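>>> A predicted structure for the sequence below; I have some questions about it.
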Number of protein chains: 2
Amino acid sequence: MRRHVVVGRTAQLRTDKISHYPAGLWSHGLLNFRNKPYILWQQATHRMEIDGKSAGSLVEDAVVWANQHGLVVALKDPKFINPDVAIIHAPLSLMPVPYPRGRFELAQQVMPLFNRLVDAVATDEAYLESTLGPAALYDTFTGRLLKTLQATRAARALHEAGREVVLGVHRSDYMLDEPSGKFLQVELNTIASSFGCLSALMTRLHLYMASRLPSLEPSRLPANPTLEHIPDAIAAAANAVGFREEGGVVVMVVQPGERNAYDQQWIQLGLWERHRLRTVRMTLGDIAATAKLDEAGGGTVTLKTGEPVCVFYFRAGYTPTDYPSEAEWAARELIERSNAAKCPTVAYQLAGTKKIQQDLARPGVLEKFICDHRDAALLREFFAGLWSLDPNDVATDPGVAAAVADAIARPEAYVLKPQREGGGNNLYGEELRDTLITGGERLSAYILMQRILPPANRSVLVRNGQWSESETLSELGIYGTFVRHGNNVLLNEQSGHLVRTKTSTSNEGGVAAGFAVLDSPYLVD
Amino acid sequence: MRRHVVVGRTAQLRTDKISHYPAGLWSHGLLNFRNKPYILWQQATHRMEIDGKSAGSLVEDAVVWANQHGLVVALKDPKFINPDVAIIHAPLSLMPVPYPRGRFELAQQVMPLFNRLVDAVATDEAYLESTLGPAALYDTFTGRLLKTLQATRAARALHEAGREVVLGVHRSDYMLDEPSGKFLQVELNTIASSFGCLSALMTRLHLYMASRLPSLEPSRLPANPTLEHIPDAIAAAANAVGFREEGGVVVMVVQPGERNAYDQQWIQLGLWERHRLRTVRMTLGDIAATAKLDEAGGGTVTLKTGEPVCVFYFRAGYTPTDYPSEAEWAARELIERSNAAKCPTVAYQLAGTKKIQQDLARPGVLEKFICDHRDAALLREFFAGLWSLDPNDVATDPGVAAAVADAIARPEAYVLKPQREGGGNNLYGEELRDTLITGGERLSAYILMQRILPPANRSVLVRNGQWSESETLSELGIYGTFVRHGNNVLLNEQSGHLVRTKTSTSNEGGVAAGFAVLDSPYLVD
């Protein structure tokens, strides 16, 4: 039964548009608040008169707040004389998105386990090689990363040997699955996890909205400490590496012409304000051209200006297009050979691939890395169904064969994801069914995944100062930070969150690409 | 003797460009730090290598900081789809400008006296009328304000009578006069004193710069509490007026299409965050069209949406072009007849005219309003020489006649300012001499003023993300806030400061017009 109720974010809706209730919240044990949101909605109606003008005025205030507080992206309008310098509020949702408190807090709680899992998987290079070796046939990018892992092994062994400093800044992305009521993992990002800082500002914006609208309770907006945790983790790694007294710096590895530089700049400011640690922004091309590696003398990298590098923090390097020439690969290898902390190492990056995600989901594999069975069981609460389509697996594993058969019967419940990182589109529906039926070698390039079916909401999406009301889906990311020095784990924390919301009609696309907007969670009991 | 020394702001200079020492600092008792700045300069040279690239990197960081922290103006690029929404850092000076600490602190100290002076002058409406009446012959704008003062007198008497709430947000503008070593007053703004909030952010930017450059001492950047004081004063007036429980609001009277809206928005945010007081932005035209005055019932103004108005805070209405039709004058008169606090009243606005400034400078006039002779003497420390050119005054006042004779002999030491508010250019040099020699009735439209001769500095000016190095002059503004309820002065404070810096070749022009940049003071002993 569909009900005329929307939770928490209804102030912007015209009553004639409230056509359905997000059944997801209804279905997974949240029945107990079915009255409360209705009251919220009435309050909002009463206070705001729910016409376009009121919504417009709130939108204007939100845009001004965002512009005042650095919740911004570069305008990059090529017509403007200096397009990097002009900015505009980040695309945003006017009101937060309701999520069940229990499941949200579980996702926070599990994050240190995901951090440990990445570290354990990355440390087992033999496992990475055996699992990803076949994938490299279809994915030259992963193949090249594997080659880099192997080529640098001896150099790394020289100056590491129990003294290595490992830095992880991860983001585990989930969608709330309506049928099961669980947050199921979409992917685990181990490189260039972005939007952490802007997301913290997004939480502050929704706190401001809560001050404006009595129907929004600020206590339902969870703390979002990315602005502190991410710089603190980078600084902890820098301090463990040393070089602080020699003027050691953090190198942020960036893409040329990054539009989301303000998210990154907040990390730089945090490193400076909280730790007096200076950041140098460099592309892989810059590093290839100017950085020097003293391999014989312990692996120290120094910049042209003489400063040693404590940490390489990547906000690039995750996609093949970030390596347009051999120079960029040379830079990556130089970094990998160095004694600086790398966020991530090549091994960490490989541990975040879809193939590894799929393999860990196989019975018994996760459990090799996380020995405590309660911890493993908790992690598996967040695993969606994932199956290899390697002909061998399909032929020998009855679980895989059953999933393939079910996907042919009910393609709407599955998605085919290309294994290749940073390229290729997912297949859905008829296309998915046809591909599975055709079968053959080509299937090995894909992973079959349970399709997560999130509840729909209605949102006011604000882009370029203009708003529109849409039916939307949201994705939750939980940040994790991890620092290890040899055997000593210095830091392993849940470090904040991100919610991205997009119209339910678009299957793909992110905030930076203009498809999604920044949002934040509103915890309902 | 010119020396190769520049104080505090030298990091950006190439040595071959340091062609002269700002003799102003040298000449007025600051001789004792002639070595220190030289050391500062050496430190800066050593640390920054003073090449274009280092300055460029500092500029980039300053621009990012400004963009992150709301030190911004609307881009207003008509090519952009939504020009109000895109923003860009405010024009700024990379480094603060050196000022003598003693004189700066004296200017802070005198501000409450200027607040009292404005209040005393504005309360003496007979004085305003007799002094400004003749000026109205040459200045229809002042004439119209006088008419409004008279037309509303009966209405104001009805609901005031010792219960009126008076709110002043003033800014007294000075230039450091090199020959005398004093800050001499350029003008006293009693309406729409702008840039207070952006100036507080400018101080924070220079504090950030001080964290980057050891040669800048943060203790030399004085506290700049505009972001707190201005909202606090408006809120104090609103609370004294009442209506808070009925949903009373502050109306900010704005110009259509204001480019400096972010400076104003910071006040709005402060009113909300610090006092939960809501601001409605309206043009005089909006007010004429929609506000209702209940004159019989005590003078309460209500908006179309039903809220009563506690305070009208003007960021418009100071120039004839703000009144394109009778509707705007009707709005002004409606406001003046109301029981809301007005910042400013018509009387306050008139008390800030150049003619009043000139008249107060006459022997004995200031002293009628400020009885304590020490207070009056302190105020006079900041008065430049000012003379009426009314033929009667020239004929009868030997002081005026002597000034005119001297100005003809040394035109470079004087300036002719049109009395008319908001229009007309100042006359200098040959033009000034010719005008004085020609004489006649036309002279009455001008005020003769001692030309203030500020020391030149060198600055790195940053506009649209691009920097240039220039010889510059700076102007200091000190904000004052004042709230009186009947006979009870609730608040009378020095409330922060503003420094604007412009190239020494431009005689006129402000920050908003693109001629000047925001700056901040660096106090040297």
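The structure has been received and is ready for your questions.

>>> the helix or strand harbouring A:W467 and chain B, any residue contact?
In this structure, A:W467 sits in strand A:466-485 according to DSSP states H and E. Yes. Strand A:466-485 reaches chain B (CB under 8 Å from any CB of the partner chain) through A:Q466. Any C-beta I mention is one placed from the backbone N, CA and C, and that applies to glycine too.

>>> what of stretch A:306-321?
No. Applying CB under 8 Å from any CB, one finds stretch A:306-321 separated from chain B by no less than 11.4 Å.

>>> how close does the residue in the stretch 1-150 of chain A that chain B sits nearest to sit to A:G247?
Evaluated by CB to the nearest CB, the stretch 1-150 of chain A has A:V85 as its residue closest to chain B, separated by 3.2 Å. Distance of A:V85 to A:G247, computed by CB to CB, to the nearest Å: 28 Å.

>>> and A:R144, by the same measure?
33 Å.

>>> could you look up the SS state of the closest residue to chain B within the stretch 301-450 of chain A?
Chain B sits closest to A:T305 of the stretch 301-450 of chain A, with a gap of 9.2 Å, by CB to the nearest CB. Following DSSP: H, G, I helix; E, B strand; the rest coil, A:T305 is assigned to coil.

>>> what segments of the stretch 201-350 of chain A are helices?
A:226-241, A:261-275, A:284-290, A:326-337, A:346-351 (DSSP state H, counting those that start in this stretch).

>>> for chain A, which spans come out with low pLDDT?
A:1-54, A:77-83, A:259, A:421-424, A:506-514 (pLDDT under 70).

>>> can you pull the residues of it lying near chain B?
Selection of chain A residues close to chain B by CB under 8 Å from any CB yields A:63-65, A:67-70, A:72, A:75, A:77, A:79-82, A:84-89, A:211-212, A:261-262, A:265-266, A:269, A:272-273, A:276, A:464-466.

>>> contacting residues around the residue lying closest to A:T203 once chain neighbours are set aside?
Once flanking residues are discounted, A:T203 sits nearest to A:N224: 4.0 Å by CB to CB, 6 or more residues apart in numbering or on different chains. Taking CB atoms under 8 Å, 6 or more residues apart in numbering or on different chains, we find A:N224 in contact with A:199-200, A:202-203, A:496-497, A:520.

>>> closest one of those residues to chain B?
So of the contacts of A:N224, ranked by how close each gets to chain B (CB to the nearest CB), first place is A:A200, at 12.7 Å.

>>> what separation do you get for the closest one and B:A66?
Distance, A:A200 to B:A66, using CB to CB: 20 Å.

>>> so what's the residue count around A:V110?
Neighbour count for A:V110, taken as other CB atoms under 10 Å in any protein chain shown: 22.

>>> any idea which element it lies in?
helix A:101-123.

>>> the next helix or strand after that helix versus helix A:101-123: what angle between them?
Next helix or strand after helix A:101-123 toward the C-terminus (DSSP H and E): helix A:125-132. Angular relation of helix A:125-132 and helix A:101-123 on a 0 to 180 degree scale: 100 degrees, by axes from the mean of the first three to the mean of the last three CA atoms, to 10 degrees.

>>> and for helix A:125-132, what's in contact with it?
A:121-122, A:142, A:146, A:149-150, A:153, A:347, A:350-351, A:353, A:355-356, A:359.

>>> do the same with stretch A:278-288
Stretch A:278-288 has contacts (CB under 8 Å, 6+ apart) with A:247, A:249-256, A:264, A:267-268, A:271-272, A:290-291, A:303, A:307, A:316-317, A:322-323, A:325, A:327-328, A:330-332, A:334-335.

>>> and stretch A:139-159, by the same measure?
Residues from elsewhere that reach stretch A:139-159 (CB under 8 Å, 6+ apart): A:125, A:128-129, A:132-133, A:135-137, A:164, A:295, A:298-299, A:319-320, A:323, A:329, A:332-333, A:336-337, A:339, A:346-347, A:349-350, A:353, A:355, A:419-423, A:445.

>>> and A:V499, which helix or strand is it part of?
For A:V499, the host element (DSSP H and E) is strand A:488-503.

>>> can you give the domain ranges for chain A?
A:97-377+A:454-524, A:385-450 (automatic domain parsing).

>>> what is the neighbour count of the spatially closest residue to A:G496 that is not a sequence neighbour?
Leaving aside its sequence neighbours, A:G496 sits nearest to A:T226 (CB to CB, 6+ apart; 3.6 Å). Using other CB under 10 Å, A:T226 has 28 neighbouring residues.

>>> can you check A:T279 too?
For A:T279, the neighbour count with other CB under 10 Å is 22.

>>> beta partners for it?
A:V250 (DSSP bridges).

>>> now the nearest residue to A:Y138 once chain neighbours are set aside: phi and psi?
Excluding the flanking residues, the one nearest A:Y138 by CB to CB, 6+ apart is A:A445, at 4.1 Å. According to degrees, to the nearest 10, the main-chain angles of A:A445 amount to phi -80, psi -10.

>>> so who does A:A445 touch?
Counting by CB under 8 Å, 6+ apart, A:A445 touches A:138-139, A:418-420.

>>> I'd like the residues you listed laid out as JSON lines, including neighbour count and distance to B:R220.
JSON lines is the format used below for the contacts of A:A445 (neighbours: other CB atoms under 10 Å in any protein chain shown; distance: CB to CB, whole Å):
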{"residue": "A:Y138", "neighbour count": "18", "distance to B:R220": "63"}
{"residue": "A:D139", "neighbour count": "25", "distance to B:R220": "58"}
{"residue": "A:P418", "neighbour count": "17", "distance to B:R220": "60"}
{"residue": "A:Q419", "neighbour count": "23", "distance to B:R220": "60"}
{"residue": "A:R420", "neighbour count": "19", "distance to B:R220": "58"}
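
>>> let's see which of those end up in strands.
Under the assignment DSSP state E, the contacts of A:A445 contribute A:P418 to strands.

>>> can I get the contacts of A:A445 in TSV including distance to A:N115?
Listed next are those as TSV, based on distance: CB to CB, whole Å:
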residue	distance to A:N115
A:Y138	29
A:D139	25
A:P418	27
A:Q419	24
A:R420	26
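
>>> what's near enough to touch the closest residue in space to A:K292 that isn't next to it in sequence?
Using CB to CB, 6+ apart and skipping the chain neighbours, the partner closest in space to A:K292 is A:T302 (5.2 Å). Taking CB under 8 Å, 6+ apart as the criterion, A:T302 is in contact with A:291-292, A:294, A:308-309.

>>> give the contact list for the spatially closest residue to A:I335 that is not a sequence neighbour.
Counting by CB to CB, 6+ apart, the nearest residue to A:I335 once its immediate chain neighbours are dropped is A:F312, at 4.9 Å. Going by CB under 8 Å, 6+ apart, A:F312 touches A:250-251, A:253, A:335, A:338, A:340-343.

>>> check A:G70 too.
Residues near A:G70 by CB under 8 Å, 6+ apart: A:201, A:262, A:266, B:67-70.

>>> wasn't it part of a helix?
No. According to three-state DSSP, the state of A:G70 is coil, so it is not within a helix.

>>> tell me the spacing between it and A:A126.
A:G70 sits 45 Å away from A:A126 when distances are taken as CB to CB.

>>> burial count for A:A409?
10.

>>> phi and psi next, for it.
Dihedral pair for A:A409: phi -70, psi -40, per degrees, to the nearest 10.
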